[in-house]
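>>> what shape does this take:
(one chain, ligands or ions: 1)
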Amino acid sequence: MNTEKNTDKPNIAFIGLGNMGAPMAENLIKAGYKLCVYDLSVEATNRLQQAGATVAQSPSEAVARAQVVISMLPAGKHVHSVYLGDGNSKGLLSELAEGTLVIDSSTIAAEDARIVAKAATELNINFLDAPVSGGTGAAIAGTLTFIVGGDAEVFVKAKPILNTMGKNIFHAGAHGAGQVAKICNNMLLGILMAGTTEAINLGVKNGLDPKVLSDIMLQSSGRNWTLEVYNPYPQVMESTPSSNHYKGGFMTNLMLKDLNLAMQTSQATDVETPMGAKAAELYQEHSTNYGEKDFSSLMIRYDNSVLSS
Ligand code: NAD
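Okay, here's the model as predicted:
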């Protein structure tokens, strides 16, 4: 592991060291960036201290010497309170030097990202919304897909940093475009998974072997990502969450969060998304009992026996 620090590289403040943020921050350290980190959880900051980061006791302390700020927070309200402040604090934007690059990789509503971007732009701070596709495995491996919204010149400046944590880095358009593209993708994924579980169940209940049916659909016009790498039926593929009691992977609750963001955007912009709405309804019901399981566990809705396979 190369932990040698290169002084040509900007100092980075990293805020939000959860399932995704911690491995992303570790990859930056491995690539030689100096990191000052902050999280509400001491357990989370301890992990990064061991990896070589400096731990700050407040968001202000974390950004004090940073030319770049990266955040990976749960939802829009956390991003707003960190950057814009709330009843108790001023918010980080008011403390950053002009020209600071702020990359928010949290998945939040496009409108929320645009509000922070506007406030940043007024202070001559360069803001990018840069949500990611790929779960914790991709965060650890440094193979995330970054879907970025913001000015093209700022995107070019951020790319070397994003390349350290990801493999595919896309510029989707202006502020908020990263979030829009991300939820379009995840809404489609939710629909594809819902359709695939439904089709496999129809075949199985009519006497077909799930593997044989999956192979047929994989080589036919129903082919899609879930059949290629993430089959929802147990033991059709090795190493999928479905073959491991739906543990790990991408939680139902996170899929539901993204589908709700897609519905919020479709309603706010008066765009019809009937399939997305149906997928959101299915995942809402499913989350009552299986929120912590991988999103392919929607298969349980149709076939309870998959839980014991
Ligand atoms: P997580 O809940 O594991 O981590 C969030 C971290 O933020 C926690 O450590 C929490 O203590 C910290 N935090 C919350 N409020 C804070 C504040 N005010 N200041 C500092 N730290 C604060 O979440 P995660 O799974 O890492 O996901 C982060 C984001 O990435 C979410 O927006 C999620 O939708 C998105 N995402 C997650 C996945 C995934 O597979 N987990 C995949 C793609 C995108």
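>>> can we go C-alpha only for contacts and neighbour counts from here?
Will do.
>>> is the helix or strand hosting residue 180 in proximity to the ligand?
Remark: residue 180 resides in helix 177-205, with elements defined by DSSP states H and E. No. Helix 177-205 stays clear of the ligand (Cα under 6 Å from any ligand atom), getting no nearer than 9.2 Å.
>>> for that helix, what is the distance to the chain centroid?
Helix 177-205 sits 16 Å away from the centroid of its parent chain (Cα atoms, centre = their mean, to the nearest Å).
>>> buried ones in the helix or strand following it?
Remark: after helix 177-205, the chain's next helix or strand is helix 210-218, criterion DSSP H and E. Within helix 210-218, the residues that qualify as buried are 210, 211, 214, 217, 218, counting by 16 or more other Cα atoms under 10 Å.
>>> tally of neighbours for the residue of the stretch 201-309 of the chain found nearest the ligand?
For the stretch 201-309 of the chain and the ligand, the shortest gap (Cα to the nearest ligand atom) falls at residue 250, measuring 5.0 Å. Counted with other Cα atoms under 10 Å, the neighbours of residue 250 add up to 18.
>>> now residue 168: phi and psi?
Residue 168 adopts backbone torsions of phi -110, psi 120, taken as degrees, to the nearest 10.
>>> and if you look at residue 165?
According to degrees, to the nearest 10, residue 165 has phi -110, psi -10.
>>> enumerate the residues of the chain near the ligand.
Counting by Cα under 6 Å from any ligand atom, the chain sits next to the ligand at 15-21, 38-41, 44, 72-75, 78, 82, 106-107, 132-136, 250, 254.
>>> from the residues you listed, keep the buried residues only.
Buried among the residues of the chain next to the ligand (16+ other Cα under 10 Å): 15-18, 20-21, 38-39, 44, 72-73, 78, 82, 106-107, 132-136, 250, 254.
>>> in strands only, show me these.
With DSSP state E as the criterion, strands contain 15, 38, 132, 133 from among those.
>>> so where's the stretch 51-200 of the chain uncertain?
Scanning the stretch 51-200 of the chain for pLDDT under 70 picks out no residues.
>>> quick one: the helices in it?
Read by DSSP state H, counting those that start in this stretch, the stretch 51-200 of the chain holds these helices, from start to end of the chain: 59-63, 76-84, 110-122, 136-141, 152-165, 177-205.
>>> residue 245 against residue 309, yeah?
Yes. With contacts counted by Cα atoms under 8 Å, residue 245 reaches residue 309, the gap being 7.4 Å.
>>> and those two? which has more neighbours close in?
Legend: neighbour count by other Cα under 10 Å for residue 245 and residue 309, higher for residue 245 (16 against 12).
>>> need phi/psi at the nearest residue to the more buried one once chain neighbours are set aside.
Among residues not flanking residue 245 along the chain, residue 307 sits closest, at 6.2 Å (Cα to Cα, 6 or more residues apart in numbering). For residue 307, the backbone dihedrals are phi -70, psi -30 (criterion: degrees, to the nearest 10).
>>> and for residue 98?
Backbone torsions of residue 98, given as degrees, to the nearest 10, read phi -60, psi 140.
>>> need the residues touching each of residue 245 and residue 309.
residue 234 (Cα atoms under 8 Å, 6 or more residues apart in numbering).
>>> need the contact list for the nearest residue to residue 142 once chain neighbours are set aside.
Excluding its sequence neighbours, the residue lying closest to residue 142 (Cα to Cα, 6+ apart) is residue 165, at 4.3 Å. Neighbouring residues of residue 165 by Cα under 8 Å, 6+ apart: 24, 27, 28, 139, 142, 143, 144.
>>> most neighbours, which of these?
With neighbours defined as other Cα under 10 Å, the most crowded of the contacts of residue 165 is residue 24; it has 27 neighbours.
>>> the residue of the chain found nearest the ligand - nearest residue in space that isn't next to it in sequence?
Proximity of the chain to the ligand (Cα to the nearest ligand atom) peaks at residue 18, 3.2 Å away. The shortest distance from residue 18 to any non-neighbouring residue, by Cα to Cα, 6+ apart, is to residue 44 (6.7 Å).
>>> before we move on, what about residue 144?
Using Cα to Cα, 6+ apart and skipping the chain neighbours, the partner closest in space to residue 144 is residue 166 (4.1 Å).
>>> OK, contacts around the one you found?
Counting by Cα under 8 Å, 6+ apart, residue 166 touches 138, 139, 142, 143, 144, 145, 146.
>>> understood, closing this out.
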